[in-house]
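In: Have a look; sequence and predicted model below, questions after that.
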Amino acid sequence: MKETILTIAAHNDDHIVGAGATLAKYALEGKRIRTIICSFGEMSHPYLRKEVVIEKRVKESLKADKILGGSGIAYLSIKEGHFDEEFKKRDIAGKLAWIISKEKPSKIFTHGVDDLHPDHRAVYRLIMKLIDKGTIKCPVYSFDVWSLVKIRHRNLPRIVVNVTDTFNTKIKAFLIHKSQTITIWALLWKMILKDLISGLVNGYTYAEVFYKLK
């Protein structure tokens with residue numbers, strides 16, 4: 001059975017910004033990459049109907065997942081889907097716990113404490129609650145989307161992944177999200193700069209750095 005890597009993101013492009021090149025590298029190594037998206041940031045487009053925004057972002061996230069070599073996405077904010085009725089009745093914490101128990105990941109990647117976005121911080125707090133309850137058994141690593149440097153908990157154990165060979169794959173997957181043009185241009189420079197600095201500091205061209213939460 002293939003090793004499963006699970007990433008849990010607030011929105012459909014967060015995991016690409018924070019860990020996209022690492023996920024692409026793991027996929028090339030034969031690992032199974034699964035993603036959970038908790039919401040779609042529908043309120044960022046108040047002039048569009050919620051259903052329209054969700055449809056666009058589902059299509060974009062599925063295209064990006066294929067580019068990364070992923071094995072599919074679970075969308076917690078969509079009531080319809082392949083989940084049974086009991087699953088749909090659960091709150092977000094219950095849904096996450098159920099999926100994690102089924103996927104049995106060897107690692108989980110998710111948001112960090114320093115991220116400025118309230119949705120990202122909410123997912124971080126949710127994961128920490130699941131860790132504290134003992135629901136999550138595997139190592140959990142954090143990434144940041146909006147913050148350029150880590151401020152708190154810099155003493156946590158970390159892993160550095162050389163993503164020189166898959167950095168362009170990350171960029172390609174990120175640019176698929178055409179419904180978020182403003183976000184793309186706001187984050188693209190930061191994403192390139194952060195991975196470039198992380199690479200130079202650690203002896204690579206590009207690198208992604210993650211801090212261990214569990």
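Out: Happy to help now that I have it.
In: Could you use CA atoms for every contact and neighbour count after this?
Out: Will do.
In: ok, residue 23 - how many residues close by?
Out: Other residues near residue 23 come to 29 when the count uses other CA atoms under 10 Å.
In: Where does it fall, secondary structure wise?
Out: Assessed by DSSP states H and E, residue 23 sits inside helix 14-28.
In: again with residue 136
Out: Assigned by DSSP H and E, residue 136 falls within no helix or strand.
In: Could I get the contacting residues of it?
Out: With contact taken as CA atoms under 8 Å, 6 or more residues apart in numbering, residue 136 is in contact with 97, 100, 130.
In: Give me the distance between it and residue 93.
Out: Residue 136 sits 12 Å away from residue 93, taking CA to CA, to the nearest Å as the criterion.
In: Can you pull the residues that touch both of these two?
Out: Counting by CA under 8 Å, 6+ apart, the residues touching both residue 136 and residue 93 are residue 130.
In: coming back round to it: packing partners of the helix holding residue 23?
Out: Other elements packing on helix 14-28 under the criterion 3 or more CA pairs under 8 Å, 6 or more residues apart in numbering; DSSP states H and E are strand 4-9, strand 32-37, helix 50-68, helix 167-175, strand 207-212.
In: make it 7 Å
Out: The elements that helix 14-28 packs onto, with contact taken as 3 or more CA pairs under 7 Å, 6 or more residues apart in numbering; DSSP states H and E, are helix 167-175.
In: got the angle for the helix it packs on vs helix 50-68?
Out: Relative orientation of helix 167-175 versus helix 50-68 (axes from the mean of the first three to the mean of the last three CA atoms, to 10 degrees): 170 degrees.
In: Show me which residues of helix 167-175 are buried.
Out: Residues of helix 167-175 classed as buried: 167, 169-171, 173-175 (neighbour count, 16 or more other CA atoms under 10 Å).
In: which one of those sits closest to residue 160?
Out: Nearest to residue 160 out of the buried residues of helix 167-175 is residue 167 (CA to CA; 13.9 Å).
In: What is the neighbour count of the nearest residue to residue 135 once chain neighbours are set aside?
Out: The spatial neighbour of residue 135 that comes closest, neighbours along the chain excluded (CA to CA, 6 or more residues apart in numbering), is residue 97 at 6.5 Å. Under the neighbour criterion other CA under 10 Å, residue 97 is assigned a count of 16.
In: Would you quantify the distance from residue 144 to residue 10?
Out: Distance, residue 144 to residue 10, using CA to CA: 12 Å.
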